[in-house]
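Trainee: Let's see this in three dimensions:
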Amino acid sequence: TTQAAPFAINIGTLGADTVAWVEGKCKCERAVLGPSGTNFCERPFNINGEERFVVKGCGGDRMWINMQQDFYGNCGRFEERDDCNVRAEYHC
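Mentor: Next up is the predicted model:
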């Protein structure tokens, strides 16, 4: 059986960067995935003390996150109010 991910990850933009943060935590504690407007898939990032997350499926029918090459969670479109000037776009 598949277990639920220990924490959810949100993805959004902050100025010129695409960023990720742990849902429920301050958006000011974020990882930079790359410049806004560029493909942020396949760029490894660390978050919440865990290493080697990678977003997959950008530009396709679905998007998901892998952690250390194993499936972590699916992503869907998501919006919430801005905090620390971060605009949420996806929830994984």
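Trainee: Can you name the residues that contact the closest residue to N48 other than its chain neighbours?
Mentor: Excluding the flanking residues, the one nearest N48 by Cβ to Cβ, 6 or more residues apart in numbering is V22, at 4.8 Å. Every C-beta, even on glycine, is put in place using the N, C-alpha and C of the backbone. V22 makes contact with F7, A8, I9, N10, E29, I47, N48, according to Cβ atoms under 8 Å, 6 or more residues apart in numbering.
Trainee: which among those gets closest to M63?
Mentor: Set against M63, the nearest of these by Cβ to Cβ is I9 (11.4 Å).
Trainee: Show me the strands in this protein, by range?
Mentor: According to DSSP state E, the chain carries its strands in the segments 9-14, 17-22, 31-35, 45-47, 50-56, 63-67, 70-77, 87-91.
Trainee: could you give the angle of the second one to strand 87-91?
Mentor: Between strand 17-22 and strand 87-91, the angle formed by their directions is 60 degrees, by axes from the mean of the first three to the mean of the last three Cα atoms, to 10 degrees.
Trainee: Just checking: what are the partner strands of strand 17-22?
Mentor: strand 9-14 (antiparallel), strand 31-35 (antiparallel) (DSSP bridges).
Trainee: shaky segments in the protein?
Mentor: When residues are selected by pLDDT under 70, those of the chain lie in 1-3.
Trainee: List the contacts of the residue nearest to G34 when sequence neighbours are not counted.
Mentor: Spatially, and ignoring its direct neighbours in sequence, G34 is nearest to F40 (4.7 Å; Cβ to Cβ, 6+ apart). Applying Cβ under 8 Å, 6+ apart to F40 gives the contacts I11, T18, L33, G34, V55, C58.
Trainee: coming back round to it: export the contacts of V22 as a markdown table, with columns for distance to W64 and neighbour count.
Mentor: Formatted as a markdown table, the contacts of V22 follow (distance: Cβ to Cβ, whole Å; neighbours: other Cβ atoms under 10 Å):
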| residue | distance to W64 | neighbour count |
| --- | --- | --- |
| F7 | 15 | 14 |
| A8 | 13 | 17 |
| I9 | 11 | 24 |
| N10 | 14 | 22 |
| E29 | 23 | 11 |
| I47 | 15 | 20 |
| N48 | 18 | 14 |
